[in-house]
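Student: need a 3D model of the following:
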Amino acid sequence: MSTLTHLECPECGRTYDADQPQTYCPHCESPLLARYDLAAAARTLTPEAVAGRSRGLWRWHEILPMRAAAFRFTLGEGDTPLLPAPRLAAELGLSHLWVKDESQNPTGTFKARGLVMAVSRAMELGLREFVIPTAGNAGGALAAYAARARAKAHVFMPADAPEVNKVEVQAAGAELVLVNGLISDAGRLAAEQAKNHGWWRVSTFKEPYRLEGKKTMGLEIAEAFDWELPDVIIYPTGGGTGLVGMWKAFDELEALGWIGPKRPRLVSVQSDGCAPVVRAFQKGAKRARTWKKAHTIAAGLRVPSVFADRLILRALRETRGTAVAVPDEAILAAQQRLAAAEGIWAAPEGAATLAALEQLVQGGWVQPHERVVLFNTGSGLKYVR
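Tutor: Numbers count the residues shown, from 1 in each chain. Predicted coordinates for the structure are as follows:
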């Protein structure tokens with residue numbers, strides 16, 4: 001059912017066996033990318049075929065990593081709505097504006113896409129106990145899918161993460177470990193405990209398959225636009241899995257012959273209290289240095305050290321995109337504006353994309369006629385204290 005062939009390091013080109021548990025390239029400390037026999041996939045995967053299948057993430061199974069249908073766990077993730085935003089468009093002087101609303105995924109955020117894939121593939125490879133460091137939402141998603149798969153999960157989370165994230169982890173029966181510090185501190189402790197106990201790490205980009213779940217956002221965008229991609233996609237960037245995933249999805253769709261070489265200009269949005277990707281992009285650097293004293297109300301953007309920095313920066317530059325930092329005050333204002341104008345109560349991370357769009361319109365980087373998609377990555381309800 002899957003045409004997965006191997007895993008590949010995008011830095012050195014080394015290949016790895018996809019049917020053995022893999023983490024990342026030890027030579028380059030780079031994420032590994034799943035590769036497929038796209039010629040074989042094209043024999044059954046067509047626009048007509050995928051449109052006729054049951055809704056959800058798994059309808060793209062030829063270019064997803066799961067070989068056995070029995071391990072395709074689901075809570076109904078994927079196929080979230082692409083909502084027109086006509087009032088905001090008019091206010092900003094734009095003709096075409098949409099919000100891809102990921103809040104309608106299980107556990108209320110886009111993290112469901114990545115974690116269902118990571119858990120499903122790990123279970124297929126014989127792994128049964130998982131650990132994750134998280135700013136909050138990924139931990140809730142792991143806990144939910146581990147429960148669905150009858151596996152064990154251990155979640156390491158900053159103590160000041162939103163309360164609902166802590167509650168949902170424990171409600172799903174996972175172990176919750178609160179850490180005094182940032183996600184980077186949680187990551188160090190999670191890695192230490194994983195080594196001590198033999199738990200499988202599903203940290204951002206430290207295994208290959210969360211990326212494959214997130215790439216389905218790009219597949220859905222392409223389908224929604226009838227295989228003519230929008231001009232601009234604005235995406236909130238913590239670890240950057242979704243941004244890299246969509247970039248990968250578009251390349252695979254072009255190889256399948258479904259789209260041409262034109263790509264949306266990808267925009268990475270971060271908080272000005274934690275903006276390692278923005279700083280690296282603006283300086284023309286190939287790597288993003290760790291951000292000191294990271295702080296922001298958007299928990300998912302408080303990621304001071306970005307493991308996939310090379311891939312994120314490459315995606316931005318190859319698509320002629322950009323990177324924007326916005327202050328917390330602008331995020332809060334955009335959150336209220338999006339709710340009042342369009343009825344979308346976005347997570348702070350999602351609202352940050354609107355704050356960035358305002359900057360880009362004012363600066364002339366986004367033109368009035370262009371088709372623009374904002375990503376709301378989660379529900380604002382998850383941040384109510």
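
Student: quick one: the helices in the stretch 151-300 of the chain?
Tutor: 163-171, 183-197, 210-214, 216-224, 241-256, 276-283 (DSSP state H, counting those that start in this stretch).

Student: packing partners of the fifth one?
Tutor: Judged by 3 or more C-beta pairs under 8 Å, 6 or more residues apart in numbering; DSSP states H and E, the packing partners of helix 241-256 are helix 38-41, helix 210-214, helix 216-224, strand 232-236, strand 265-271, helix 309-318. Using the backbone N, CA and C atoms, a C-beta is placed for each residue, glycine as well.

Student: ditto for the second one
Tutor: Where contact means 3+ C-beta pairs under 8 Å, 6+ apart, helix 183-197 is packed against strand 129-133, strand 152-158, strand 175-179, strand 200-201.

Student: nearest to Gln20, out of the helices and strands packed on helix 241-256?
Tutor: helix 210-214 (16.4 Å; C-beta to C-beta).

Student: centre of the chain to that closest one, how far?
Tutor: Put simply, helix 210-214 sits 7 Å off its chain's centre (C-alpha atoms, centre = their mean, to the nearest Å).

Student: please apply the same query to stretch 12-21.
Tutor: Worked out by C-alpha atoms, centre = their mean, stretch 12-21 lies 22 Å from the chain centre.

Student: what number of residues lie near Glu163?
Tutor: Burial of Glu163 is recorded as 13 neighbouring residues (other C-beta atoms under 10 Å).

Student: okay, now the nearest residue to it once chain neighbours are set aside: neighbour count?
Tutor: Distance criterion C-beta to C-beta, 6 or more residues apart in numbering; nearest residue to Glu163, sequence neighbours excluded, is Arg385 at 6.3 Å. Arg385: 5 surrounding residues under other C-beta under 10 Å.

Student: my read: Arg385 touches Asn165, true?
Tutor: No: the criterion here is C-beta atoms under 8 Å, and Arg385 misses it with Asn165 at 11.5 Å.

Student: let me see the domain layout of the protein.
Tutor: Segmentation of the chain into domains, based on automatic domain parsing, reads 4-66, 82-104+215-383, 111-201.

Student: can you put the ones you listed in CSV and add mean pLDDT?
Tutor: Shown next, in CSV, are the domains of the chain (pLDDT from 0 to 100):
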stretch, mean pLDDT
domain 4-66, 98
domain 82-104+215-383, 97
domain 111-201, 96
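
Student: and of the ones you listed, who's closest to Pro208?
Tutor: domain 4-66 (4.5 Å).

Student: can I assume Ala69 is in contact with Glu124?
Tutor: No: using C-beta under 8 Å, Ala69 is not in contact with Glu124; the gap is 10.3 Å.

Student: and the two? which has more neighbours close in?
Tutor: Glu124 (18 against 10).

Student: looking at it, Leu94 is touching Val361, isn't it?
Tutor: Yes: counting by C-beta under 8 Å, Val361 is a contact partner of Leu94 at 7.0 Å.

Student: what's the neighbour count on the closest residue to Trp58 other than its chain neighbours?
Tutor: Take Trp58 and drop its neighbours on the chain: the residue closest to it by C-beta to C-beta, 6+ apart is Arg72, 5.1 Å away. When neighbours are defined as other C-beta under 10 Å, Arg72 has 19 of them.

Student: contacting residues for Arg72?
Tutor: With contact taken as C-beta atoms under 8 Å, 6 or more residues apart in numbering, Arg72 is in contact with Trp58, His61, Met66, Ser120.

Student: between the domains of the chain, which gets nearest to Gly76?
Tutor: Using C-beta to C-beta, those put domain 4-66 closest to Gly76, at 6.5 Å.

Student: just the terminal-to-terminal distance for that closest one.
Tutor: Taking C-alpha to C-alpha, to the nearest Å, the first and last residues of domain 4-66 lie 8 Å apart.

Student: phi, psi of Leu357?
Tutor: phi -60, psi -40 (degrees, to the nearest 10).

Student: any idea how far it is from Ala346?
Tutor: 13 Å (C-beta to C-beta, to the nearest Å).

Student: ok, back up a step: a markdown table for the domains of the chain, including distance to Glu207?
Tutor: Below are those laid out as a markdown table (distance: least, C-beta to C-beta, whole Å):
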| stretch | distance to Glu207 |
| --- | --- |
| domain 4-66 | 6 |
| domain 82-104+215-383 | 11 |
| domain 111-201 | 6 |
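
Student: figure out which of those domains is closest to Tyr209.
Tutor: Per C-beta to C-beta, nearest to Tyr209 of those: domain 111-201, 4.4 Å.

Student: you'd agree Ala330 is up against Ala355?
Tutor: Yes: using C-beta under 8 Å, Ala330 makes contact with Ala355 at a distance of 4.0 Å.
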